[in-house]
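Enquirer: Can you look at this prediction? I've put the sequence above it.
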Amino acid sequence: MPLHARVAAIFAAYFFGLGLFLPFFPLVLSNAGLSPGEIGTLLAIPMLVRLAANPLIGAAVDRFGTPGRAVALLSILAAIAFSGFFLAKSFFASAVLLVVISIAWSPLMPLGDALAARVEREGKGDYGRMRLWGSVSFIVANVIGGALIGEWTTGVVVGGIVAGLVAAGAAALSVKLPRIRVDENESVSIASPDTALAEVMEEGAPQPVPARRKGLAALLREGAFVTPGFLLVILAAACAQASHAAYYAFSALHWSQTGVSGAAVGIYWGLGVITEIGLFAASARVRAVLGVNGLLAIGIAGAVLRWILFPFVEDPVSIVLVQLLHGLSFGATHLGAVAFVARMAPPQWAGAAQGVNSMVIGAVTALASAAAGVLYASSPVSAFLAMSVLSGIGGLCLLAGLVVSNRAKRAG
């Protein structure tokens, strides 16, 4: 099996579990008797854990140079921990399990992105075409979960997530990549701190600088990662991604309370990902036309519009149309952020760099999830409108990042 197909299999297996977790895990918690506020707090736990877990584990994987084995080990550990939800019924037990699960599960996404970015950089595959199989699998899980939830909600959701994680671990074991060995005086293609943002935002070629294999502290201390412009662009993407917090936590509850069946919930979620698949399939061409800032701009605009409309649409046609904005609100911002980080980071820091990106997204999403729980308990409409405001803040961060990049270009 070609290398790109093996990485695609990891995405497919991982996103099958995620396709059950995001729309239906809140129903598992609700069926256990937990309140909307408790659900919002619990769903913030993975976001908080990833603040430390993702960059630290990513840096460790970069140092030892065994990403395939790391993904396999973390997947199996997460599967074992997730099995505990067959028995957990209380808030405390659920919180403890989610902490343990998140340590192993949260790093899988940035590690998978780093793997795919490396395969693309070596000319052995296209990131978007590998990642789209995750979206296809996500839809399949949405539809299957929606059709089967009811009396067997916990069994279907938890069992499906465990199966997906085990499959991801098996697929990861088949991915064999040579370790990256970088000498102290060897150069790699990475932009210098003063001009990196301007070059990447304009799709220019980064300049070689000395590369050294160091830990996470060095990554955060040196190079382009310490510039305000870099952080502003990452924060812009994080706001757009985090604006999905209310949707992830409460869309299934919101729709079910308006009379939408479980099967329809699964279909609506699946339809939202269809535009994401189309975007990933054409990712190389889209990136060439729009660039990083274009992808982030249209993604943020799509998020603002989506969350303004979401709480007010109830008929099936309107719901479908709003769901199709997912390709922009999630897909475009995700592609833009991954491409930005991949071009800014040297190969030997790929996992840690994507982990830093995920850490920022996690921090903002944790706050958004906790706020969404409080807001939804008092007014579901206000919870979704607050997500639109958060997306707008992301737009302001992107504009600020562009200003910084232009200043860096002139100074350079």
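Expert: All right, it came through fine. Numbers count the residues shown, from 1 in each chain.

Enquirer: what are the phi and psi angles of A163?
Expert: For A163, the backbone dihedrals (degrees, to the nearest 10) come out as phi -60, psi -40.

Enquirer: Tell me how many other residues crowd it.
Expert: 15 (other C-beta atoms under 10 Å). To be clear about C-beta, it is placed using only N, CA and C from the backbone, and glycine gets the same treatment.

Enquirer: Next up, the contacts around it.
Expert: Contacts for A163 (C-beta atoms under 8 Å, 6 or more residues apart in numbering) come out as 16-17.

Enquirer: Pretty sure A168 sits against R6.
Expert: No: counting by C-beta atoms under 8 Å, A168 stays clear of R6, with 11.3 Å between them.

Enquirer: Neighbour count: those two, which is higher?
Expert: Between A168 and R6, A168 has the larger neighbour count (other C-beta under 10 Å), namely 28 against 20.

Enquirer: Tell me the secondary structure at the more buried one.
Expert: Of the three states, A168 takes helix under DSSP: H, G, I helix; E, B strand; the rest coil.

Enquirer: out of everything not next to it in sequence, what's closest to it?
Expert: Closest residue to A168 apart from its sequence neighbours, by C-beta to C-beta, 6 or more residues apart in numbering: A13 at 3.7 Å.

Enquirer: Looking at that neighbour now. What's its pLDDT?
Expert: Note on A13: pLDDT of 95.

Enquirer: Do I have it right that it meets V136?
Expert: No: counting by C-beta under 8 Å, A13 stays clear of V136, with 11.8 Å between them.

Enquirer: S318: which element?
Expert: Here S318 sits within helix 316-323, counting by DSSP states H and E.

Enquirer: just checking, what packs against that helix?
Expert: helix 262-281, helix 283-309 (3 or more C-beta pairs under 8 Å, 6 or more residues apart in numbering; DSSP states H and E).

Enquirer: What residues sit buried inside it?
Expert: Neighbour-count burial for helix 316-323, counted by 16 or more other C-beta atoms under 10 Å, picks out 319, 322-323.

Enquirer: pLDDT on the helix or strand just after that helix, on average?
Expert: Once helix 316-323 ends, the next helix or strand along the chain (criterion: DSSP H and E) is helix 326. The average pLDDT within helix 326 is 94.

Enquirer: Show me the strands in this protein, by range?
Expert: Assigned by DSSP state E, the chain shows strands spanning 187-189, 208-210.

Enquirer: In the stretch 151-300 of the chain, where is pLDDT below threshold?
Expert: Within the stretch 151-300 of the chain, the segments meeting pLDDT under 70 span 151-152, 177-226.

Enquirer: possible to save the helices and strands packed on helix 316-323 as CSV with mean neighbour count and distance to A32?
Expert: Output for the helices and strands packed on helix 316-323, formatted as CSV (neighbours: other C-beta atoms under 10 Å; distance: least, C-beta to C-beta, whole Å):
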stretch, mean neighbour count, distance to A32
helix 262-281, 22, 17
helix 283-309, 21, 28
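
Enquirer: between those, which one is nearest to C239?
Expert: Ranking the helices and strands packed on helix 316-323 by proximity to C239 (C-beta to C-beta) places helix 283-309 first, at 7.6 Å.

Enquirer: Which strands or helices does that closest one pack on?
Expert: Secondary-structure packing of helix 283-309 (3+ C-beta pairs under 8 Å, 6+ apart): helix 127-148, helix 196-201, helix 228-242, helix 316-323, helix 333-344, helix 380-411.

Enquirer: weakest of those by average pLDDT?
Expert: Among those, helix 196-201 scores lowest, with a mean of 48.

Enquirer: coming back round to it: need the CA coordinates for the helix holding S318. PDB is fine.
Expert: Output of helix 316-323 as PDB, limited to C-alpha atoms (Å, rounded to 0.1, in the frame of the first residue of the first chain):
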ATOM      1  CA  PRO A 316     -34.700  21.200   6.600                       C
ATOM      2  CA  VAL A 317     -33.700  23.200   3.500                       C
ATOM      3  CA  SER A 318     -32.400  26.100   5.500                       C
ATOM      4  CA  ILE A 319     -30.500  23.800   7.900                       C
ATOM      5  CA  VAL A 320     -28.800  22.100   5.000                       C
ATOM      6  CA  LEU A 321     -27.800  25.400   3.400                       C
ATOM      7  CA  VAL A 322     -26.300  26.600   6.700                       C
ATOM      8  CA  GLN A 323     -24.500  23.300   7.300                       C
END
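
Enquirer: And for that helix, what's in contact with it?
Expert: Contacts for helix 316-323 (C-beta under 8 Å, 6+ apart): 255, 264, 268-269, 271-272, 306, 309-310, 313.

Enquirer: can you check stretch 270-285 too?
Expert: By C-beta under 8 Å, 6+ apart, the list of residues contacting stretch 270-285 reads 126-129, 131-132, 135-136, 138-140, 142-143, 286, 320, 323-328, 330-332, 335.

Enquirer: and it, C-alpha only, in PDB?
Expert: Taking Å, rounded to 0.1, in the frame of the first residue of the first chain, the C-alpha atoms of stretch 270-285 are listed here in PDB:
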ATOM      1  CA  GLY A 270     -22.600  14.600   7.400                       C
ATOM      2  CA  LEU A 271     -23.900  17.200   4.900                       C
ATOM      3  CA  GLY A 272     -21.800  19.800   6.600                       C
ATOM      4  CA  VAL A 273     -18.700  17.900   5.900                       C
ATOM      5  CA  ILE A 274     -19.400  17.300   2.200                       C
ATOM      6  CA  THR A 275     -18.100  20.800   1.300                       C
ATOM      7  CA  GLU A 276     -15.100  20.200   3.500                       C
ATOM      8  CA  ILE A 277     -14.300  17.100   1.400                       C
ATOM      9  CA  GLY A 278     -14.600  19.100  -1.800                       C
ATOM     10  CA  LEU A 279     -12.200  21.700  -0.500                       C
ATOM     11  CA  PHE A 280      -9.700  19.100   0.600                       C
ATOM     12  CA  ALA A 281      -9.800  17.300  -2.700                       C
ATOM     13  CA  ALA A 282      -8.900  20.500  -4.500                       C
ATOM     14  CA  SER A 283      -6.600  21.800  -1.700                       C
ATOM     15  CA  ALA A 284      -3.500  22.200  -3.800                       C
ATOM     16  CA  ARG A 285      -5.300  24.300  -6.400                       C
END
